[in-house]
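**Q** I'll drop the sequence and a predicted model, then ask my questions.
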Amino acid sequence: MTVHDPEVVHAEYATERRLAGRKHAYRFAAGQDPREIAFRVVAETQPSRILEVGSGEGELAERMQRELPAEVIALDQSERMVELTRGRGVDAMVGDVQELPFADGEFDCAVAAWMLFHVANVDRALAELARVLRPGGRLVAVTNGPDHLQELRELIGAPPSDFSFDADSGGGLLGAHFRSVERCDGTGWIAFPDRAAAQEYVDSSISWRGRQLPELEGGLRVRRSPYVFVAHK
């Protein structure tokens, strides 16, 4: 099972249940908030038109629409995620980042938060995102590093992540389509208070489902390694 298999991704996001389970774990997070970093670098552009691809439940799209003087359009491959995003009052549509239904140069800024590693052909997706941005536009892409949740992965005996777009590979992939790329560090920790809380995260993971943590004495502190790429067209 891979996180960029189209059938796996489609099934995973047909409902919000497991996505919500993974996000719920971040109530135990400490350190920088990559969501705040992403919002800040979007706001810096003072955009008038923003595209978010892989919008999920729509929290970021809603915030951008509420707090920025911009038109926001959200796109996701999941009908359920589009439904949830529309429920927040955001213009959202079902679509594929590898074939964006927009003309060249339509947007000032595009956002792809924790979704490019789900795409079968990342290079094609990045080419499409670059195409729909105006000259001087900005892509904000959030992903994780190879050591993300490493302590948890080792305890359950899971292999290293095989992300096609991560903190190590992202700069080179983006550099093929954008004139300059910056990487912002959003790393920190998650302090699970007990085994049950950590197992809840494991059970909600696409590739870890079915694995079990050993018995733990007390809580579990694991590193989280999100990074925010800012790519300039």
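**A** Received it, and whenever you're ready, just let me know what you need.
**Q** before we move on, which element is residue 178 in?
**A** Taking DSSP states H and E as the definition, one finds residue 178 inside no helix or strand.
**Q** Am I right that residue 2 sits in a strand?
**A** No. Read with DSSP: H, G, I helix; E, B strand; the rest coil, residue 2 is coil and lies in no strand.
**Q** so what's it up against?
**A** 8, 162, 207 (CB atoms under 8 Å, 6 or more residues apart in numbering). (Each C-beta comes from the backbone N, C-alpha and C, glycine too.)
**Q** In a markdown table: those, plus secondary structure.
**A** Formatted as a markdown table, these follow (three-state DSSP):
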| residue | secondary structure |
| --- | --- |
| 8 | helix |
| 162 | coil |
| 207 | coil |
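**Q** In ChimeraX, how would I select the buried members of those?
**A** Selection of buried members from the contacts of residue 2 for ChimeraX, criterion 16 or more other CB atoms under 10 Å:
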select :207
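**Q** who's in contact with the residue nearest to the spatial centre of the chain?
**A** Geometric centre of the chain, nearest residue: residue 114, 1.3 Å, by CA atoms, centre = their mean. Applying CB under 8 Å, 6+ apart, one finds that residue 114 lies in contact with 54, 142-144, 226.
**Q** all strands of this protein, in order?
**A** For the chain, the strands defined by DSSP state E occupy 29-31, 49-53, 71-76, 91-94, 107-113, 133-144, 180-185, 188-192, 220-224, 226-232.
**Q** which of the contacts of residue 114 lies closest to residue 20?
**A** Of all these, residue 20 sits closest to residue 54, with 15.6 Å by CB to CB.
**Q** in the helix-or-strand element of the chain with minimal mean pLDDT, what counts as buried?
**A** Lowest by mean pLDDT, DSSP states H and E among the helices and strands of the chain is helix 6-12, with a mean of 82. Neighbour-count burial for helix 6-12, counted by 16+ other CB under 10 Å, picks out 9, 12.
**Q** about what we covered before: next, format the strands of the chain as a markdown table and append distance to residue 211, mean pLDDT and mean neighbour count.
**A** Below are the strands of the chain laid out as a markdown table (distance: least, CB to CB, whole Å; pLDDT from 0 to 100; neighbours: other CB atoms under 10 Å):
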| stretch | distance to residue 211 | mean pLDDT | mean neighbour count |
| --- | --- | --- | --- |
| strand 29-31 | 22 | 94 | 13 |
| strand 49-53 | 30 | 98 | 25 |
| strand 71-76 | 28 | 98 | 24 |
| strand 91-94 | 32 | 98 | 16 |
| strand 107-113 | 26 | 98 | 26 |
| strand 133-144 | 18 | 98 | 21 |
| strand 180-185 | 29 | 98 | 15 |
| strand 188-192 | 15 | 97 | 17 |
| strand 220-224 | 14 | 96 | 19 |
| strand 226-232 | 22 | 98 | 23 |
